[in-house]
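Enquirer: need the 3D shape of this:
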Amino acid sequence: MSKSGLYHSIGGITGHIADYNPSVGSSLQINIVDPGSGLADEPELRGPGHQFIVHRDLVDHQNITVTHPLQRFFPGAGMIGDKLPEGADLVQWGIPQRGRVKVYNLHKDKNSYFCRMKDFKSQTISLENVINARELGGFETADGHKIRHGLLLRGARLSEASDADLQRLSEVYKLRRIFDFRMESEVLQAPDRGVDGAEYCWLPAMDPQTCESFNSYIAEGGFTGIEDVVQRGCTFPSVKQAARTLYTSLVESSYTQDQYAKFMRGVLDTTDGAIYWHCTQGKDRTGLASAFILSALGADRETILEDYNISNEFYREDVAKMTAIVRANGGGDEEVEVVKTFIGANKRYFAAALDRIDEISGSMDEFLASRLGIGKEERQTLRLRYLE
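Expert: Numbers count the residues shown, from 1 in each chain. Okay, here's the model as predicted:
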């Protein structure tokens, strides 16, 4: 049986691997193919299959880490031939020094395995001063439809947006509504810049009591901000607990559910132009909003987690830097999980929130209907508007 697939050497975006369960030491043929749209800052990656060795399989066989025998990857422009000559160091390509890479989104087609690379850069919306700014356009639903480009935009706060960014949102994307999920203290500290033609909607996702407790914790602990909490407080049981329950507490909160219900109603009521939703970093509260929209449009969990995990592309350096500091101070894996949650995007904890939604309502569809007011009729309206 042929087992072929495609790996993304930069992103490390992982997904479901059909029914192929590799064992340590087995071989896996990797096909590097043209990703279609090309990569903005890297050469196109093409070439025939090459044998890689499975280093280890991860949780539920959903991620595979493999090692090429040469432990090198040639990043030359143009074609990668039958041989992989020794080239630039793997670190340049975001691959660990031992040559491990991740295979993602492997699917079964008869007796072979294949994958198409999804370049996250094709989803960015090219804002100069707004990090993690991207769109849902291009993602596919479980039934094969594709989300239209240029309408569903997500990212970080707009307080640092340049004039060119604001003009692009107004003139290119025809932005009609901005949804801000930040708490009051965040908004007061860094208010959004306005976009011509767009209505600003403030919908703090965390309930006032949680916000007050968080702000008190920061003040009483003498912390300067969330990065300081992570650096100096990641060993505290309370901080570890906050990281573990960040997402589950949001989906369990009736207040938060009401806020996201208002958001979904706002999406429904926006009949032309684009919408943009955000929090501070554009990953956690924003990620939940994206999960609800993707689910309403018919995307599967794999796609929801893929979208969420793209945030790590933008915060990779910040996570690496803070992880190094935490480990240098004696922190272990538990402390690194705190870093992943508050500085980057913790896919495991986010997936736990999706599981909690199923526990609460039986399914995401039922959660959307009973908690967010998005039933079958509303989902159909959204799909007609946003799918092609």
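Enquirer: where do the helices sit along the stretch 201-350 of the chain?
Expert: Using DSSP state H, counting those that start in this stretch, the helices of the stretch 201-350 of the chain run over 208-220, 226-233, 237-252, 254-269, 285-297, 301-309, 311-328, 333-342, 347-361.
Enquirer: could you dump those to a markdown table with distance to Leu136, mean pLDDT and mean neighbour count?
Expert: Every C-beta, even on glycine, is put in place using the N, C-alpha and C of the backbone. As requested, these are exported to a markdown table (distance: least, C-beta to C-beta, whole Å; pLDDT from 0 to 100; neighbours: other C-beta atoms under 10 Å):
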| stretch | distance to Leu136 | mean pLDDT | mean neighbour count |
| --- | --- | --- | --- |
| helix 208-220 | 27 | 77 | 13 |
| helix 226-233 | 26 | 84 | 18 |
| helix 237-252 | 19 | 90 | 18 |
| helix 254-269 | 11 | 98 | 18 |
| helix 285-297 | 7 | 98 | 25 |
| helix 301-309 | 7 | 90 | 22 |
| helix 311-328 | 13 | 88 | 17 |
| helix 333-342 | 23 | 90 | 20 |
| helix 347-361 | 16 | 95 | 17 |
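Enquirer: those: which one's closest to Gln123?
Expert: Closest to Gln123 of the helices of the stretch 201-350 of the chain, according to C-beta to C-beta: helix 301-309, at 8.6 Å.
Enquirer: how many residues are close by the nearest residue to Arg176 once chain neighbours are set aside?
Expert: Closest residue to Arg176 apart from its sequence neighbours, by C-beta to C-beta, 6 or more residues apart in numbering: Gly273 at 3.8 Å. For Gly273, the neighbour count with other C-beta atoms under 10 Å is 15.
Enquirer: how about the contacts made by Gly273?
Expert: By C-beta atoms under 8 Å, 6 or more residues apart in numbering, the contact set of Gly273 is Leu151, Tyr173, Lys174, Leu175, Arg176, Gly197.
Enquirer: now do Thr235
Expert: Gly331, Glu335.
Enquirer: separation between it and Cys279?
Expert: Between Thr235 and Cys279 the computed distance is 26 Å (C-beta to C-beta, to the nearest Å).
Enquirer: again with Asp272
Expert: Going from Asp272 to Cys279 by C-beta to C-beta gives 25 Å.
Enquirer: of those two, who's got more company?
Expert: More crowded of Asp272 and Cys279, by other C-beta under 10 Å: Cys279, with 25 against 8.
Enquirer: and that one, what pLDDT?
Expert: Cys279 carries a pLDDT value of 97.
Enquirer: quick one: it and Phe292, what's the gap?
Expert: In this view, Cys279 and Phe292 are 14 Å apart by C-beta to C-beta.
Enquirer: which of the contacts of Gly273 lies closest to Phe214?
Expert: Using C-beta to C-beta, the contacts of Gly273 come closest to Phe214 at Leu175, 29.7 Å.
Enquirer: so how far is Gly155 from that closest one?
Expert: Going from Leu175 to Gly155 by C-beta to C-beta gives 12 Å.
Enquirer: of the helices of the stretch 201-350 of the chain, which is nearest Gln380?
Expert: Closest to Gln380 of these is helix 285-297 (C-beta to C-beta; 9.7 Å).
Enquirer: just checking, what packs against that closest one?
Expert: Packing contacts for helix 285-297, counted by 3 or more C-beta pairs under 8 Å, 6 or more residues apart in numbering; DSSP states H and E, involve strand 152-155, helix 237-252, helix 254-269, strand 274-278, helix 301-309, helix 347-361, helix 364-372, helix 376-386.
Enquirer: the third one versus helix 285-297: what angle between them?
Expert: Following axes from the mean of the first three to the mean of the last three C-alpha atoms, to 10 degrees, one obtains 60 degrees for the angle between helix 254-269 and helix 285-297.
Enquirer: other residues contacting helix 254-269?
Expert: Defining contact as C-beta under 8 Å, 6+ apart, one finds that helix 254-269 is touched by 177, 179, 181, 201, 203-208, 250-251, 275, 277, 288-289, 292-293, 296, 368, 371-374, 378, 381-382.
Enquirer: the first one now?
Expert: Defining contact as C-beta under 8 Å, 6+ apart, one finds that strand 152-155 is touched by 125, 127, 130-137, 169, 173, 175, 274-278, 282, 286, 289-290, 293, 386.
Enquirer: thinking Ile147 is in contact with Arg383, fair?
Expert: No. Here Ile147 does not reach Arg383: they are 9.6 Å apart, not a contact under C-beta atoms under 8 Å.
Enquirer: between these two, what contacts are shared?
Expert: Counting by C-beta under 8 Å, 6+ apart, the residues touching both Ile147 and Arg383 are Thr141, Leu297.
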